[in-house]
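> What shape does this take:
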Amino acid sequence: MKKAVILSSGGLDSTTCMAVAVSQGFEPIALSFDYGQRHQVELQAAQKVGDHYGVKNHFVTPISLFRDIGGSALTDDIEVPKGESVGDIGDDIPVTYVPARNLVFLSMAVGVAETQGASDIFIGVNALDYSGYPDCRPEFIEAFAKTASIATKVGVEGDSLTIHTPLIDLTKAQIIELGASLDAPYHLTHSCYAPTEADESCGQCDSCLLRLKGFADAGLSDPIEYAKS
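A predicted model of the protein is given here:
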């Protein structure tokens with residue numbers, strides 16, 4: 001069975017990627033990051049998703065740098081923006097952007113792939129409902145793939161690492177429909193940027209709003225719990 005490294009955050013998109021990879025016959029190797037995010041519930045969700053798919057190798061990598069440098073509402077003492085609807089989400093790059101996060105994560109995924117005998121990497125970036133993050137765009141993925149091909153042993157020796165972005169051109173509703181068709185365990189996932197002390201999703205941050213709209217547009221019910229307003 002071919003192996004694939006899946007960047008797994010425990011969220012809806014990465015879980016859909018896991019479901020896609022498994023459906024395509026890959027043995028998933030999960031890679032998650034403890035990067036100083038203010039809430040550990042997403043790592044717990046990633047573990048549950050990995051367990052659901054019987055992942056044999058799940059690497060959870062600590063990176064203190066993102067917390068040390070701050071600059072993001074996900075790693076620093078910056079308030080997470082909240083709104084009443086997706087229309088409240090601005091067009092600028094939001095404060096929840098973590099500088100260079102996907103650049104670092106993909107670099108580490110390449111290292112894992114090389115050492116684990118995997119030639120494929122799945123990442124759940126999305127260029128439509130992506131909250132304005134620059135490291136979720138197709139041009140970034142294309143540029144990184146070229147860099148990886150000349151910066152790795154497998155690339156120099158003529159083999160290749162394929163970076164799969166199965167969600168990149170999909171709306172959130174289409175992502176959810178895809179995952180639902182593959183029985184993705186969305187009940188185990190966590191997407192919220194500002195969960196309560198009981199780890200309930202807030203329902204008002206950008207991530208929650210996009211998720212809720214996605215389920216509504218798909219005509220499906222979101223299986224996770226949200227904090228009562």
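> Just give the closest residue to residue 207, not the sequence neighbours.
Leaving aside its sequence neighbours, residue 207 sits nearest to residue 191 (Cβ to Cβ, 6 or more residues apart in numbering; 4.7 Å). Yep, even glycine has a C-beta here, placed from its N, CA and C like the rest.
> you'd agree the one you found is in a strand?
No - looking at residue 191 with DSSP: H, G, I helix; E, B strand; the rest coil, it is coil, so not inside a strand.
> tell me which strands and helices the lengthiest helix in the chain is in contact with?
Longest helix of the chain, by residue count under DSSP state H: helix 101-116. With contacts taken as 3 or more Cβ pairs under 8 Å, 6 or more residues apart in numbering; DSSP states H and E, helix 101-116 sits against strand 3-7, strand 27-34, strand 120-122, helix 138-150.
> and these, which is most packed in?
strand 3-7 (a mean of 26; mean count of other Cβ atoms under 10 Å).
> How about the contacts made by the residue lying closest to residue 222 once chain neighbours are set aside?
Distances taken as Cβ to Cβ, 6+ apart put residue 215 closest to residue 222, at 4.3 Å, once the chain neighbours are dropped. Contacts for residue 215 were tallied using Cβ atoms under 8 Å, 6 or more residues apart in numbering; they are 173, 176, 221-222.
> Is residue 215 located within a helix, as I assumed?
Yes - Residue 215: assigned to a helix according to three-state DSSP.
> And it, what's its pLDDT?
On the pLDDT scale, residue 215 is placed at 97.
> distance of it from residue 180?
As for residue 215, its distance to residue 180 is 10 Å (criterion: Cβ to Cβ, to the nearest Å).
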